[in-house]
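Trainee: When you get a sec, could you give me coordinates for this:
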Amino acid sequence: MTTARRVVIEALATQGGHPTAEDLSATIAQHHPGIHRATVYRTLETLTEMGVVAHVHLGHGAAAYHLLGSPQDVAHLHALCHQCGRVFDLPGSLMDEVAERVREEIGFELEASHHALSGLCRACTSTTVP
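Mentor: As a prediction, this is how the structure comes out:
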């Protein structure tokens, strides 16, 4: 394992959540100034191809990354509160019926784990004025 891979994996494990490549670069630069931002981006791409890391598009911003701890993690989904920005992990099977229907009706293979579902979380819904 290369130093860059080890450092990126450690940063993802330590930082937790769903950081962007830029977030990870900033964290890594504090402790490993010799690892350039471009190296972090390339390493994330490689780790994604290897199935160690997954990325998800959260709204209109940059892709966010997270470690995959088990084969089941590959298919888990995300929900993004468009008011507070909180990200929720959802079971991968949540969209199975929708994916099957789309496959049967129009022959389209849905990749729901690649993008976050958008809406309002419980806390923001309760503070929203009707």
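Trainee: Just confirm T27 contacts Q15, I think it does.
Mentor: Yes: T27 is within contact range of Q15, at 5.8 Å (criterion: Cβ atoms under 8 Å). C-betas here are computed from N, CA, C, even on glycine.
Trainee: which residues does G17 contact?
Mentor: Listed by Cβ atoms under 8 Å, 6 or more residues apart in numbering, the contact set of G17 reads 66, 87.
Trainee: just use 267 as the starting number from now, easier for me
Mentor: That works, and once the first residue is 267, the last one we named lands at G283.
Trainee: quick one: it is in a helix?
Mentor: No: the assignment for G283, made by DSSP: H, G, I helix; E, B strand; the rest coil, is coil rather than a helix.
Trainee: Between T293 and Q281, point out the one with more neighbours.
Mentor: Taking other Cβ atoms under 10 Å, T293 and Q281 do not tie; T293 has more neighbours (19 against 15).
Trainee: Give me the average confidence score over the helix or strand where the more buried one lies.
Mentor: Per DSSP states H and E, T293 falls inside helix 287-297. Across helix 287-297, the average pLDDT comes to 94.
Trainee: go on, stretch 362-372?
Mentor: 93.
Trainee: what packs against the helix holding T293?
Mentor: Here helix 287-297 is seen to pack against helix 269-281, helix 303-316, strand 329-333 when contacts are counted using 3 or more Cβ pairs under 8 Å, 6 or more residues apart in numbering; DSSP states H and E.
Trainee: what bits of the chain have low per-residue confidence?
Mentor: Applying pLDDT under 70 to the chain flags the ranges 336-341, 394-396.
Trainee: which other residues reach stretch 300-309?
Mentor: 268-271, 273-274, 287-288, 290-291, 294-295.
Trainee: May I see the residues you listed arranged in JSON lines, with neighbour count as well?
Mentor: Listed next are the contacts of stretch 300-309 as JSON lines, based on neighbours: other Cβ atoms under 10 Å:
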{"residue": "T268", "neighbour count": "10"}
{"residue": "T269", "neighbour count": "12"}
{"residue": "A270", "neighbour count": "20"}
{"residue": "R271", "neighbour count": "17"}
{"residue": "V273", "neighbour count": "20"}
{"residue": "V274", "neighbour count": "30"}
{"residue": "A287", "neighbour count": "20"}
{"residue": "E288", "neighbour count": "13"}
{"residue": "L290", "neighbour count": "22"}
{"residue": "S291", "neighbour count": "20"}
{"residue": "I294", "neighbour count": "23"}
{"residue": "A295", "neighbour count": "14"}
